[in-house]
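S.K.: Sharing a model that was predicted from the sequence below.
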Amino acid sequence: MSTVLSQRGLNWLRALTGNAAEQPGYPASLKVVDAPLAGRPARYLAVGPDADNRFPRARHGEVGLLEGWSLGQALDEVIAADRDAPVKRAVVAVVDVPSQAYGRREEALGIHQALAGAVDGYARARLAGHPVVALLVGKAMSGAFLAHGYQANRIVALRDPGVMVHAMGKESAARVTLRTVDELEAFAAKVPPMAYDLDSYASLGLLWETLSVERIEQPGAEDLARVRACLEQAEADIRAAGTDLRGRLGAANRAASRRVRELLRAQW
């Protein structure tokens with residue numbers, strides 16, 4: 001049975017960039033597009049499916065070896081190009097990633113290093129003054145989201161049942177925890193970090209904004225205008241507030257995290 005490959009990330013990337021040309025030199029699974037945001041240059045990044053990917057485990061939109069190293073390369077280019085610029089360009093991560101790529105070749109060839117290279121690229125861009133915004137339009141799962149989007153200054157999510165955030169898919173989590181999927185869902189209803197829905201994720205303080213759209217698979221003009229305006233507001237907020245991630249600690253469910261940091265600062 002064939003697997004339906006999600007095109008959400010690619011459709012939103014094309015819409016937000018006005019179908020601008022992709023930057024050459026990257027694998028087919030990584031789309032790198034330079035286009036304006038709020039009237040200034042920006043770089044848009046999206047990982048998508050590639051049925052011909054040389055690594056079979058990364059053919060459905062997963063973030064694998066090629067994708068991890070290439071994300072780092074795309075971010076290095078931005079950092080180097082704007083090193084002496086008074087205003088750093090924004091980076092927009094369009095996120096629809098089902099997982100990192102699992103496989104013996106991936107493990108043998110160091111997928112942990114490839115994904116760490118992507119994380120490092122996003123973090124260095126953020127700390128260098130580049131506003132980094134992640135737009136969740138589909139799945140944001142596992143190490144793929146950690147590598148592509150989680151380091152953003154601001155995370156914006158579209159409200160839709162197909163937009164999910166978690167460290168592991170439900171079936172895999174059920175196997176690891178020795179529960180059925182139904183038991184896991186009942187448990188997740190009481191423990192927000194175990195849930196997949198956006199409201200539970202937002203209660204952890206990690207989402208800056210959520211938006212409803214009418215056509216999430218293929219955005220219309222009104223959807224596009226609403227999302228573009230939100231991205232512009234997020235960029236302006238980052239430029240005004242700075243590059244750190246302290247805003248993520250404001251939610252009620254992060255009280256313990258705030259307390260731990262207070263104690264660490266007092267002891268050090």
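M.R.: Good, I have the coordinates. Numbering: from 1, shown residues only.
S.K.: switch to C-alpha atoms for all contacts and neighbour counts from now on
M.R.: OK.
S.K.: Run a quick neighbour tally on the closest residue to V181 other than its chain neighbours.
M.R.: Nearest residue to V181 in three dimensions, chain neighbours excluded: A174, at 5.5 Å (C-alpha to C-alpha, 6 or more residues apart in numbering). Around A174 there are 17 other residues, counting by other C-alpha atoms under 10 Å.
S.K.: And for the helix or strand that contains A174, what's in contact with it?
M.R.: In the assignment (DSSP states H and E), A174 maps to helix 170-177. Helix 170-177 is contacted from outside by 180-181, 184, using C-alpha atoms under 8 Å, 6 or more residues apart in numbering.
S.K.: I'd like the next helix or strand past it.
M.R.: Once the chain leaves helix 170-177, the next helix or strand it forms, by DSSP H and E, is helix 181-188.
S.K.: Extract the C-alpha set from that next one and format it as PDB.
M.R.: The C-alpha trace of helix 181-188 is given here as PDB (Å, rounded to 0.1, in the frame of the first residue of the first chain):
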ATOM      1  CA  VAL A 181      -2.700   3.600  22.200                       C
ATOM      2  CA  ASP A 182      -6.000   4.100  24.000                       C
ATOM      3  CA  GLU A 183      -4.300   3.800  27.400                       C
ATOM      4  CA  LEU A 184      -1.600   6.300  26.300                       C
ATOM      5  CA  GLU A 185      -4.300   8.800  25.100                       C
ATOM      6  CA  ALA A 186      -6.100   8.500  28.400                       C
ATOM      7  CA  PHE A 187      -2.800   9.200  30.200                       C
ATOM      8  CA  ALA A 188      -2.000  12.100  27.900                       C
END
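S.K.: Please export the C-alpha coordinates of the worst-scoring helix or strand of the chain on mean pLDDT as CSV.
M.R.: When each helix and strand of the chain is scored by mean pLDDT, DSSP states H and E, helix 170-177 comes last, with a mean of 75. Once non-C-alpha atoms are left out, helix 170-177 reads as follows in CSV (Å, rounded to 0.1, in the frame of the first residue of the first chain):
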residue,chain,number,x,y,z
LYS,A,170,1.6,7.3,19.3
GLU,A,171,2.2,3.7,18.2
SER,A,172,5.9,3.9,19.0
ALA,A,173,5.2,5.6,22.4
ALA,A,174,2.7,2.9,23.2
ARG,A,175,5.3,0.1,22.5
VAL,A,176,8.0,1.9,24.6
THR,A,177,5.7,2.5,27.6
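S.K.: Show the low-confidence segments of the stretch 1-150 of the chain, by residue range.
M.R.: 1-3 (pLDDT under 70).
S.K.: can you give me the strands for the protein?
M.R.: All strands of the chain, identified by DSSP state E, fall at 30-37, 40-47, 90-97, 132-141, 154-158, 164-166, 209-211.
S.K.: now these as a markdown table including distance to V191?
M.R.: Output for the strands of the chain, formatted as a markdown table (distance: least, C-alpha to C-alpha, whole Å):
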| stretch | distance to V191 |
| --- | --- |
| strand 30-37 | 34 |
| strand 40-47 | 30 |
| strand 90-97 | 24 |
| strand 132-141 | 18 |
| strand 154-158 | 21 |
| strand 164-166 | 13 |
| strand 209-211 | 21 |
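S.K.: between the helix holding A174 and helix 181-188, what angle do the directions make?
M.R.: Helix 170-177 runs at 80 degrees relative to helix 181-188, counting by axes from the mean of the first three to the mean of the last three C-alpha atoms, to 10 degrees.
S.K.: Quickly note the distance from the residue nearest to G61 when sequence neighbours are not counted to L198.
M.R.: Nearest non-adjacent residue to G61, counting by C-alpha to C-alpha, 6+ apart: P49, 3.9 Å away. Separation of P49 from L198 (C-alpha to C-alpha, to the nearest Å) stands at 24 Å.
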